[in-house]
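Asks: Here's my sequence, what's the structure:
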Amino acid sequence: MILVHLTNGFGNNLFQYIAARQLAEFHEQDLLVAPPSSDYYAIQDLRNIGVDFKDISFHGQAIMINESNYKNAFDEDLKHHNFIVQGYFEDYTFFNEKFDLIKSWFPKIQKREDNDLVIHFRGGDRLFYKNEFDYKPKIESYLKTIEKFDFSNLH
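Replies: Next up is the predicted model:
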């Protein structure tokens with residue numbers, strides 16, 4: 001069995017789920033998704049995109065998987081082992097060879113018919129520690145980039 005411990009943050013949850021699901025499919029094992037708490041805000045949204053929260057108890061020994069040993073877990077010799085997946089798994093190389101398969105796990109998104117520019121600006125948590133402000137893009141960089149697009153509305 002593959003157990004993935006989700007952390008806080010919907011985007012983080014997607015990386016964690018995808019990493020664990022790839023491992024579960026490779027090893028032909030069940031995937032158990034554990035939210036951070038029983039009243040976690042994203043449970044219903046994750047269910048809406050196909051993440052299945054099963055009531056399965058996890059017993060026995062397991063190999064701990066994180067970003068540093070993730071790729072090594074795809075070893076045929078480990079086929080009958082349990083895994084506990086914990087981490088953020090934000091490295092694109094974990095996913096880029098299976099992009100089409102991963103997209104097939106989620107509902108199709110309708111292409112927008114408008115000419116809007118949508119920006120997702122991540123301004124929270126560990127990516128914005130004060131000691132890293134000098135290394136983050138300045139607002140001027142964002143404004144210059146936005147000016148390069150022809151759009152009707154900005155979201």
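Asks: And the contacts of the helix or strand bottoming out on mean pLDDT in the chain?
Replies: Using mean pLDDT, DSSP states H and E, helix 139-147 stands out as the lowest-scoring helix or strand of the chain, at a mean of 92. For helix 139-147, contacts defined as Cβ atoms under 8 Å, 6 or more residues apart in numbering pick out Leu117, Ile119, Phe121, Leu154. Yep, even glycine has a C-beta here, placed from its N, CA and C like the rest.
Asks: Go again with 7 Å.
Replies: The contact list for helix 139-147, computed with Cβ atoms under 7 Å, 6 or more residues apart in numbering, is empty.
Asks: Could you do stretch 70-82 as well?
Replies: Under the criterion Cβ under 7 Å, 6+ apart, residues 1, 19, 23, 26-27, 60-63, 65, 83, 89, 94 lie in contact with stretch 70-82.
Asks: top of those by neighbour count?
Replies: Sorting these by how many neighbours each has (other Cβ atoms under 10 Å) puts Ala19 first, at 25 neighbours.
Asks: tell me the contacts of that residue?
Replies: Applying Cβ under 7 Å, 6+ apart, we find Ala19 in contact with Tyr70, Val85, Phe89, Phe94.
Asks: Surely Lys98 is within a strand?
Replies: No - Lys98 is assigned helix when assessed by DSSP: H, G, I helix; E, B strand; the rest coil, not a strand.
Asks: my guess is it contacts Glu25, does it?
Replies: No - shown here, Lys98 and Glu25 do not form a contact pair, counting by Cβ atoms under 7 Å, at 9.2 Å.
Asks: Can you show me the helices along this protein?
Replies: Along the chain, the stretches classed as helices by DSSP state H are 10-27, 43-48, 99-104, 139-147.
Asks: Tell me how many other residues surround the closest residue to Pro107 other than its chain neighbours.
Replies: Spatial nearest neighbour of Pro107, excluding adjacent residues (Cβ to Cβ, 6 or more residues apart in numbering): Ile49 at 6.0 Å. If you count neighbours by other Cβ under 10 Å, Ile49 ends up with 12.
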